[in-house]
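In: this is the structure alone, sequence omitted:
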């Protein structure tokens, strides 16, 4: 069992930046593929980005490409989501997720992930 804890959310003006962190309780963090998802009120949970476990390949949802960046620090059991040029449409609860499957290509479906954090709120004002 792995616990994931997100942090770094908050209120920011449009054009601003935030960095989200997701720290895992597992000492074998390096075995997990990691993903970020978000869910706005009355909307489905949607893919933001993910990083594969071994290949290190990263993929992003089209609307965040060029603005968001995922990185991981296995020594700290932490994955990051750097969000720049934020827009009001980015307002949502952001979740990190983990799975032990060794994908070559990052997975974008929530169903592919076994473990989830509790989420952190990101609010972008116009």
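Out: That came through, no problem. Computed from a predicted structure; not experimentally measured. Numbering: from 1, shown residues only.
In: the spatially most central residue of the chain and residue 95, how far apart?
Out: Geometric centre of the chain, nearest residue: residue 36, 2.2 Å, by C-alpha atoms, centre = their mean. Separation of residue 36 from residue 95 (C-beta to C-beta, to the nearest Å) stands at 7 Å. C-betas here are computed from N, CA, C, even on glycine.
In: wait, is residue 63 part of a helix?
Out: Yes. According to DSSP: H, G, I helix; E, B strand; the rest coil, the state of residue 63 is that of a helix.
In: and it, how many neighbours?
Out: Number of residues near residue 63 (other C-beta atoms under 10 Å) recorded here: 13.
In: same deal with residue 112?
Out: By the criterion of other C-beta under 10 Å, residue 112 has 16 neighbours.
In: that one contacts residue 99, doesn't it?
Out: Yes. Here residue 112 lies in contact with residue 99, judged by C-beta atoms under 8 Å, at a distance of 6.0 Å.
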